[in-house]
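Enquirer: I need the structure of the sequence given here:
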Amino acid sequence: MTAQIPSPHLLFAAFFGLVLLALVVDLIRRSRLQERYAVLWIVLALGCMTYGWWIGPVEALSQRLQISEPINIVLFLGIFICLSLILQLSLKISEFSSKIKNLIQETATLKHELNRRKSALAEAAHEDT
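Expert: Okay, the predicted model is just below:
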């Protein structure tokens, strides 16, 4: 039995997954990416590597779901992961936007109070002279 050489797109998928995994691990190590955001990227990288090295489960799943090309499942999962990441980031943006608005309002209130007290102190000092 001879070993079958994988097609170029499978080798590229495996290489891409390996590079992506190394990049994500490096970003986590340098504290530029938090672990909670890295989970989807790690899943995506492992999926690419699995597809590149071991296509059997993807082909079996595509046959079971009656999808003509196995790559369509990989693309669907990639799009699903990207949409999940976009939703997660949108939720965080909304949360931070609300927090920023509250901080701006608190800062404005504190500045107003500080200016009012400075004025009161200036008046008191002016009346003493």
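
Enquirer: mind giving me the packing neighbours of the host helix or strand of Lys101?
Expert: In the assignment (DSSP states H and E), Lys101 maps to helix 70-128. Counting contacts by 3 or more Cβ pairs under 8 Å, 6 or more residues apart in numbering; DSSP states H and E, helix 70-128 is packed against helix 35-53, helix 56-64. For the C-beta atoms, the positions are set from N, CA and C on the backbone; glycine is no exception.

Enquirer: and the angle for the first one with helix 56-64?
Expert: Looking back up the chat, that one is helix 35-53. 80 degrees (axes from the mean of the first three to the mean of the last three Cα atoms, to 10 degrees).

Enquirer: got the buried residues for helix 35-53?
Expert: 40-41, 44-45, 47-52 (16 or more other Cβ atoms under 10 Å).

Enquirer: tell me which residues are up against that helix.
Expert: Residues from elsewhere that reach helix 35-53 (Cβ atoms under 8 Å, 6 or more residues apart in numbering): 6, 10-18, 20-21, 24, 27-28, 33, 57-58, 74, 77-78, 81, 84-85, 88.

Enquirer: cool, and the last one?
Expert: Judged by Cβ under 8 Å, 6+ apart, the contacts made with helix 56-64 from elsewhere in the structure are 50-51, 68-70, 72-74.

Enquirer: for this protein, which residue is closest to the average position?
Expert: Nearest to the mean C-alpha position of the chain, by Cα atoms, centre = their mean, lies Tyr37 at 4.5 Å.

Enquirer: before we move on, the earlier item: dump the buried residues of helix 35-53 into JSON lines; add distance to Leu114 and pLDDT as well.
Expert: Output for the buried residues of helix 35-53, formatted as JSON lines (distance: Cβ to Cβ, whole Å; pLDDT from 0 to 100):
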{"residue": "Leu40", "distance to Leu114": "45", "pLDDT": "79"}
{"residue": "Trp41", "distance to Leu114": "45", "pLDDT": "84"}
{"residue": "Leu44", "distance to Leu114": "50", "pLDDT": "81"}
{"residue": "Ala45", "distance to Leu114": "51", "pLDDT": "87"}
{"residue": "Gly47", "distance to Leu114": "55", "pLDDT": "81"}
{"residue": "Cys48", "distance to Leu114": "55", "pLDDT": "81"}
{"residue": "Met49", "distance to Leu114": "57", "pLDDT": "84"}
{"residue": "Thr50", "distance to Leu114": "59", "pLDDT": "80"}
{"residue": "Tyr51", "distance to Leu114": "60", "pLDDT": "76"}
{"residue": "Gly52", "distance to Leu114": "61", "pLDDT": "76"}
